[in-house]
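**Q** sharing a model that was predicted from the sequence below.
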Amino acid sequence: MHKDDYISSQAVKEFILWVEPILSTPQSFIHTYNHKKNKKVYKFDNLFSAYEKYDWDWKHTIEELSDILLNTIIESDEKSCENACYMILKWGGVKTKVTKIGLPS
(Lines give C-alpha, C1' and ligand atoms only; values in the text may rest on other atoms or scores of the structure.)
Protein backbone atom coordinates (compact mmCIF):
# COMPACT_ATOMS: atom_id res chain seq x y z
CA MET A 1 0.00 0.00 0.00
CA HIS A 2 1.27 3.45 -0.89
CA LYS A 3 1.68 6.04 1.89
CA ASP A 4 -1.00 8.35 0.46
CA ASP A 5 -3.47 5.46 0.19
CA TYR A 6 -2.82 4.51 3.81
CA ILE A 7 -3.21 8.06 5.11
CA SER A 8 -6.49 8.53 3.26
CA SER A 9 -7.88 5.12 4.32
CA GLN A 10 -11.04 4.95 6.42
CA ALA A 11 -9.23 3.22 9.29
CA VAL A 12 -6.70 6.05 9.62
CA LYS A 13 -9.43 8.68 9.44
CA GLU A 14 -11.36 6.91 12.19
CA PHE A 15 -8.23 6.59 14.34
CA ILE A 16 -7.52 10.32 14.01
CA LEU A 17 -11.08 11.13 15.07
CA TRP A 18 -10.67 8.82 18.07
CA VAL A 19 -7.21 9.95 19.20
CA GLU A 20 -7.47 13.70 18.60
CA PRO A 21 -9.57 14.49 21.69
CA ILE A 22 -7.40 12.43 24.05
CA LEU A 23 -4.17 14.09 22.98
CA SER A 24 -4.66 17.30 24.96
CA THR A 25 -8.20 17.51 26.36
CA PRO A 26 -8.00 17.52 30.19
CA GLN A 27 -9.37 14.39 31.85
CA SER A 28 -9.63 12.58 28.49
CA PHE A 29 -7.10 9.82 29.16
CA ILE A 30 -6.35 9.49 32.86
CA HIS A 31 -3.49 7.11 33.60
CA THR A 32 -0.55 6.59 35.95
CA TYR A 33 2.94 5.20 35.65
CA ASN A 34 5.03 3.79 38.50
CA HIS A 35 8.71 4.43 37.76
CA LYS A 36 10.67 1.50 39.13
CA LYS A 37 14.03 3.26 39.39
CA ASN A 38 13.11 6.52 41.10
CA LYS A 39 9.97 5.17 42.84
CA LYS A 40 7.89 8.11 41.62
CA VAL A 41 4.27 7.76 40.60
CA TYR A 42 3.41 9.86 37.58
CA LYS A 43 -0.21 10.87 36.99
CA PHE A 44 -1.46 12.11 33.65
CA ASP A 45 -4.85 13.29 32.45
CA ASN A 46 -4.18 13.14 28.69
CA LEU A 47 -1.48 11.92 26.34
CA PHE A 48 0.19 15.30 25.99
CA SER A 49 0.53 15.64 29.76
CA ALA A 50 2.30 12.26 29.76
CA TYR A 51 4.77 13.62 27.23
CA GLU A 52 5.33 16.78 29.27
CA LYS A 53 5.75 15.07 32.65
CA TYR A 54 7.51 11.85 31.69
CA ASP A 55 10.93 11.42 33.24
CA TRP A 56 13.20 11.39 30.19
CA ASP A 57 16.23 9.99 32.01
CA TRP A 58 18.32 9.00 29.04
CA LYS A 59 21.09 11.10 27.56
CA HIS A 60 20.33 10.51 23.89
CA THR A 61 17.29 10.44 21.66
CA ILE A 62 16.73 7.38 19.53
CA GLU A 63 17.59 9.48 16.47
CA GLU A 64 21.00 10.34 17.96
CA LEU A 65 21.62 6.69 18.81
CA SER A 66 20.60 5.68 15.30
CA ASP A 67 23.13 8.14 13.85
CA ILE A 68 25.84 6.85 16.18
CA LEU A 69 25.14 3.26 15.15
CA LEU A 70 25.05 4.10 11.44
CA ASN A 71 28.39 5.92 11.66
CA THR A 72 30.04 2.96 13.40
CA ILE A 73 28.80 0.67 10.62
CA ILE A 74 30.02 3.03 7.89
CA GLU A 75 33.41 3.25 9.61
CA SER A 76 33.54 -0.55 10.14
CA ASP A 77 34.33 0.09 13.82
CA GLU A 78 33.24 -3.16 15.45
CA LYS A 79 33.91 -2.12 19.05
CA SER A 80 32.06 1.19 18.70
CA CYS A 81 29.22 -0.59 16.90
CA GLU A 82 28.90 -3.00 19.81
CA ASN A 83 28.90 -0.03 22.18
CA ALA A 84 26.18 1.74 20.15
CA CYS A 85 24.02 -1.39 20.21
CA TYR A 86 24.49 -1.61 23.95
CA MET A 87 23.45 2.05 24.34
CA ILE A 88 20.29 1.38 22.30
CA LEU A 89 19.41 -1.61 24.48
CA LYS A 90 19.94 0.52 27.58
CA TRP A 91 17.85 3.36 26.10
CA GLY A 92 15.03 0.96 25.32
CA GLY A 93 15.00 -0.48 28.82
CA VAL A 94 15.88 -4.01 27.76
CA LYS A 95 19.42 -3.91 29.12
CA THR A 96 18.45 -4.65 32.67
CA LYS A 97 20.81 -7.46 33.60
CA VAL A 98 23.47 -7.19 30.93
CA THR A 99 26.93 -6.42 32.23
CA LYS A 100 29.91 -6.25 29.95
CA ILE A 101 33.38 -4.97 30.75
CA GLY A 102 34.37 -1.95 28.71
CA LEU A 103 30.84 -0.83 27.90
CA PRO A 104 28.91 1.96 29.61
CA SER A 105 26.69 0.98 32.50
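**A** That came through, no problem.

**Q** where do the strands sit along the protein?
**A** For the chain, strands defined by DSSP state E occupy the ranges 31-34, 41-44.

**Q** and the first one, what's its mean pLDDT?
**A** In this case it means strand 31-34. Mean pLDDT, strand 31-34: 85.

**Q** kindly report the same for stretch 47-67.
**A** Mean pLDDT, stretch 47-67: 74.

**Q** what sits against the closest residue to Ser80 other than its chain neighbours?
**A** With sequence-adjacent residues excluded and distances taken as CB to CB, 6 or more residues apart in numbering, Ser80 is closest to Thr72, at 4.2 Å. Yep, even glycine has a C-beta here, placed from its N, CA and C like the rest. Thr72 sits next to 80-81, 83-84 when contact means CB atoms under 8 Å, 6 or more residues apart in numbering.

**Q** any figure for the gap between Thr72 and Glu64?
**A** Using CB to CB, to the nearest Å, we find Thr72 at a distance of 13 Å from Glu64.

**Q** one more: Asp4?
**A** For Asp4, the distance to Glu64 (CB to CB) stands at 30 Å.

**Q** what's the ChimeraX line that selects buried ones from the contacts of Thr72?
**A** Remark: buried members of the contacts of Thr72, expressed as a ChimeraX selection using 16 or more other CB atoms under 10 Å:
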select :81,83,84
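
**Q** please identify which of the contacts of Thr72 is nearest to Ser9.
**A** Ranked by distance to Ser9 (CB to CB), these are led by Ala84 at 36.2 Å.

**Q** so who does the closest one touch?
**A** Going by CB under 8 Å, 6+ apart, Ala84 touches 65, 68-69, 72.

**Q** and for the closest residue to it other than its chain neighbours, the neighbour number?
**A** Counting by CB to CB, 6+ apart, Ala84 lies nearest to Leu69, which is 4.1 Å off, once chain neighbours are set aside. By the measure other CB atoms under 10 Å, the count of residues near Leu69 is 17.
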